[in-house]
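>>> just need the structure, nothing else, for what follows:
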Amino acid sequence: MKYRQLTQDERYMIGQLRRQGHGLTEIGRLMDRSRSTIWREVRRNSCHNNDGAYRPSHAQERTMGRRRRSRRGSHYSPEQWGAIEQLLRKQWSPEQVAHVLSRVGLGISYQTIYRHVRRDWRQGGTLYRELRHRYKRRKRHYGPERRGKLQGKRMIDERPALVDLRQEVGHWEVDTVQGASWEKACVVTLVERVTGWLLVEKVPNRTVRAVNKALIRAIKRSRLPVKTITADNGTEFHGYREVEAKTGTTIYFARPHHPWERGSNENTNGLLRQYWPKGASMHGLKQKQCDRVADKLNNRPRKRHGFISPLQRAS
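Residues are numbered from 1 along each chain as shown. Purely as a prediction, here's the structure:
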């Protein structure tokens, strides 16, 4: 069997299953991985200098650092770079470009393509404008949770373990995406965890009433079942009991400052920034435009699906 390196999603799953008390052998069985793979991952990437805990975000950062340090330069012809740039200008991501070109015999990593884009930018080029979103390192110094607190809400620790395994369709993640900070208008995004299927609903503001109305509308028109939804701790989701009563779904809340617990939604919201950059006005946005953007993303190939689209996965 060909060896496959652990993905970021798999690292988050390891962290979740360890918190639930599963041993390494059981985690390997649930993830269809060998125990030795899980053991090596935990041994290499735990926080040994602190408390020895395994934290998925820290593990991913350490892994990517090792890859960068072990990288060796490669040289490609102007014709090959021309083919790569042509695909980038179609707004393909570097990962999509690398995967498709590998099928025709051109072996190149997406990191190498990103480095080429950065070199082009330093030389005054415009390839960087074709990237769907920008990457910035941010300091993550978390203080006390200051957003409105709601007593008695159902936390993610109570969510069925099968949701973490991404084997059953019908479990979603929800969030809001804002454009200009001085405007109230925004969109509500729902992402199905197995297929990556996206629903986008325009709302005039982030009030409980507006968000509930959008959620109920999205759930009722969804082509896929909606069994559970995992939300963040924003006050706009504090009316969740009405949504549950009117739709029959069950809503859970991620822990504060744990965006990886809604990783599918966080990643998809990043893709949406290609269409609605931060600071862009959403005041005149129509629902038809939201549906068109969702349709584009639902037809776009995804790496985690073996480069097939959410539409193909959901069919």
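>>> what strands line up against the helix or strand hosting Thr176, and which way round?
Here Thr176, judged by DSSP states H and E, is contained in strand 171-178. When pairing is defined by DSSP bridges, strand 171-178 lines up against strand 186-192 (antiparallel), strand 228-231 (parallel).
>>> can I get those strands in JSON lines with distance to Ser46?
Any C-beta I mention is one placed from the backbone N, CA and C, and that applies to glycine too. As requested, those are exported to JSON lines (distance: least, Cβ to Cβ, whole Å):
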{"stretch": "strand 186-192", "distance to Ser46": "30"}
{"stretch": "strand 228-231", "distance to Ser46": "26"}
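>>> Lys278 is nearest to which of these?
Closest approach to Lys278 among these (Cβ to Cβ): strand 186-192, 11.8 Å.
>>> give the pairing partners of the helix or strand just after that closest one; include direction for each.
Per DSSP H and E, the first helix or strand lying C-terminal to strand 186-192 is strand 198-203. Applying DSSP bridges, strand 198-203 is found paired with strand 186-192 (antiparallel).
>>> run through who's touching the strand it pairs with.
Outside strand 186-192, the residues that touch it by Cβ atoms under 8 Å, 6 or more residues apart in numbering are 169-179, 197-203, 205-206, 211, 214-215, 218-219, 222, 224, 226, 229, 264-265, 268-269, 272, 276, 282, 285, 290, 310, 314.
>>> hmm, which of those residues are the buried ones?
Taking 16 or more other Cβ atoms under 10 Å as the criterion, what is buried in the contacts of strand 186-192 is 169-179, 197-203, 206, 211, 214-215, 218-219, 222, 224, 226, 229, 264-265, 268-269, 272, 276, 282, 285, 290, 310.
>>> low-scoring stretches of the stretch 1-150 of the chain, by residue?
In the predicted model, the stretch 1-150 of the chain carries pLDDT under 70 at residues 1-3, 68-75, 133-149.
>>> where along it do the strands fall?
For the stretch 1-150 of the chain, strands defined by DSSP state E, counting those that start in this stretch do not occur.
>>> hey, where'd the strands end up in the stretch 201-315 of the chain?
Ranges of strands within the stretch 201-315 of the chain are 228-231, 250-253, based on DSSP E, counting those that start in this stretch.
>>> just these: most buried one?
Most buried of the strands of the stretch 201-315 of the chain by mean neighbour count (mean count of other Cβ atoms under 10 Å) is strand 228-231; its value is a mean of 24.
>>> what mean pLDDT does that strand have?
Mean pLDDT, strand 228-231: 96.
>>> before we move on, what about stretch 173-182?
90.
>>> export it to PDB, keeping only CA atoms.
What follows is stretch 173-182, C-alpha atoms only, in PDB (Å, rounded to 0.1, in the frame of the first residue of the first chain):
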ATOM      1  CA  GLU A 173     -20.900  23.800  10.200                       C
ATOM      2  CA  VAL A 174     -22.200  27.400  10.300                       C
ATOM      3  CA  ASP A 175     -20.700  30.900  10.400                       C
ATOM      4  CA  THR A 176     -21.300  34.400   9.200                       C
ATOM      5  CA  VAL A 177     -19.000  36.300   6.800                       C
ATOM      6  CA  GLN A 178     -18.900  40.100   6.900                       C
ATOM      7  CA  GLY A 179     -17.700  42.500   4.200                       C
ATOM      8  CA  ALA A 180     -17.300  46.100   5.200                       C
ATOM      9  CA  SER A 181     -17.000  46.400   9.000                       C
ATOM     10  CA  TRP A 182     -19.100  49.500   9.100                       C
END
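>>> quick one: contacts of that stretch?
185-191, 193, 203, 206, 211, 215, 229-232, 234, 236-237, 262-266, 269, 272, 276-283, 285.
>>> thinking again about what came up before, out of the strands paired with strand 171-178, which comes closest to Ile38?
It is, among the strands paired with strand 171-178 and with distance given as Cβ to Cβ, strand 228-231, at 24.2 Å.
>>> thanks again, I'm all set now.
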